[in-house]
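Peer 1: pasting the sequence and the predicted model now:
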Amino acid sequence: MKEITIQKNEAGQRFDKFLAKYMNQAPKSFFYKMLRKKNITLNGKKAAGNEILKLNDTVRLFLSDETIQKFSGTIQQSPGDPDWILAHAGKELSIIYEDESTIFLNKPAGMLSQKAKPDDISMVEHLIAYLLNSGQISKEELRTFHPSVCNRLDRNTSGLIAAGKTGYMSSVRNTTAPADKWIAGGIPVTMMMNMEKRHGEMKPVIQKALVKLDGAPFKKFAANRDEWAMTTSYVYPGPIQYFGPTEVCDEPTKTLQLEQAK
């Protein structure tokens, strides 16, 4: 039996998505079968898989070590595994700024920002090695969350790189109101993710932002496209502006207004 305590980088996601990342070689049918048989439980109770995980929730896997290893792909060490990273990375980093959620690094020329091949050593691997060695992340947490850089510089370029240490991203709500009424916050990245099949494997990905044909913005366009094709019908079309005249800066985009029915 294996017991897992949900950490902050794992909270906020669906239980079945967490399981799919923890045992990424297992088919979905395996999880649902184990949930039905109570071989996988959440906080000591039977679960359906659609529960949203909270900090310090307890997941119990009543499975053999061999089964967990088989479905986790951890029987043989491979590039990207924590032990492999510790054995191959660990270059001393030039840290410009660091807090509990972010870190800014000076990338030297000659180092990759992100790996191009599975066995490459990049800034990401050195970052993970630093976080492991400093106790800021555990090998267990790396099974479901990998810190990474937020911007990329070419291999032969040196400069500032920002990286995230948690699974949270900043958010701004109430953007149809004036800027002083906006509400800043943070949300788990996993709340934006869906499980999709990529290259034969189920992977957590952010859903594509496609045009919704039944959405208010497209319906507005469809109702007016004949007129707009023949006449000059112009409004300020760009993203939210921060500098300029009041009639521009204090005006939300038309898409936001239509989506929020404002």
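Peer 2: Looks like it arrived, so ask away. Because the structure is a prediction, the values reported are computed rather than measured.

Peer 1: which stretches of the chain have low pLDDT?
Peer 2: For the chain, the stretches flagged by pLDDT under 70 are 73-78, 236-239, 248.

Peer 1: the same query, at a cut-off of 80, please.
Peer 2: 73-81, 178-179, 189-195, 201-204, 207, 233-253, 262 (pLDDT under 80).

Peer 1: residue contacts, the residue most central in space within it?
Peer 2: With distances taken as CA atoms, centre = their mean, the residue of the chain nearest its centroid is residue 189 (3.7 Å). Contacts for residue 189 (CB atoms under 8 Å, 6 or more residues apart in numbering) come out as 167-169, 206. Every residue, glycine included, has its C-beta placed from N, CA and C.

Peer 1: buried members of those residues into PyMOL, please.
Peer 2: Buried members of the contacts of residue 189, defined by 16 or more other CB atoms under 10 Å, are picked up in PyMOL with:
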select buried, resi 167+168
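
Peer 1: how about CSV for the contacts of residue 189, with secondary structure and distance to residue 13 added?
Peer 2: Putting the contacts of residue 189 into CSV (DSSP: H, G, I helix; E, B strand; the rest coil; distance: CB to CB, whole Å) gives the following:
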residue, secondary structure, distance to residue 13
167, coil, 8
168, strand, 12
169, strand, 13
206, strand, 13
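
Peer 1: tell me which two in the contacts of residue 189 are the farthest apart.
Peer 2: The two members of those with the most space between them (CB to CB) are 168 and 206, at 14.4 Å.

Peer 1: number of residues surrounding residue 107?
Peer 2: For residue 107, the count of nearby residues is 24 (other CB atoms under 10 Å).

Peer 1: and it, what does it touch?
Peer 2: Applying CB under 8 Å, 6+ apart, the residues contacting residue 107 are 113, 123, 153, 157-161.

Peer 1: grab the nearest non-local neighbour of it.
Peer 2: residue 161 (4.8 Å; CB to CB, 6 or more residues apart in numbering).

Peer 1: which parts of the stretch 101-250 of the chain are strands?
Peer 2: Using DSSP state E, counting those that start in this stretch, the strands of the stretch 101-250 of the chain run over residues 102-107, 148-149, 159-164, 168-173, 183-188, 193-198, 201-206.

Peer 1: circling back: can you tell me which of the contacts of residue 107 is nearest residue 178?
Peer 2: residue 160 (32.3 Å).

Peer 1: that closest one contacts residue 97, doesn't it?
Peer 2: No - using CB atoms under 8 Å, residue 160 makes no contact with residue 97, being 9.5 Å away.

Peer 1: are any of the contacts of residue 107 buried, and if so which?
Peer 2: Buried among the contacts of residue 107 (16+ other CB under 10 Å): 113, 123, 153, 161.

Peer 1: columns distance to residue 231 on top of those residues, output as a markdown table?
Peer 2: Shown next, in a markdown table, are these (distance: CB to CB, whole Å):
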| residue | distance to residue 231 |
| --- | --- |
| 113 | 48 |
| 123 | 52 |
| 153 | 47 |
| 161 | 48 |
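
Peer 1: isn't residue 257 up against residue 175?
Peer 2: No - using CB under 8 Å, residue 257 is not in contact with residue 175; the gap is 10.1 Å.

Peer 1: from residue 163, how far out is residue 141?
Peer 2: 16 Å (CB to CB, to the nearest Å).

Peer 1: sorry, that was for residue 44
Peer 2: Computed as CB to CB, the residue 44 to residue 163 distance reads 36 Å.

Peer 1: so for those two, which residue has more residues nearby?
Peer 2: Ranked by neighbour count (other CB under 10 Å), residue 44 and residue 163 place residue 163 first, with 22 against 8.

Peer 1: pull the contacting residues for the more buried one.
Peer 2: 102-105, 123-124, 127, 147-150.

Peer 1: just the buried members of those?
Peer 2: For those, buried by 16+ other CB under 10 Å: 103, 105, 123-124, 127, 147, 149.

Peer 1: of all the helix elements in the protein, which one is longest?
Peer 2: Assignment by DSSP state H gives helix 216-230 as the longest helix of the chain.
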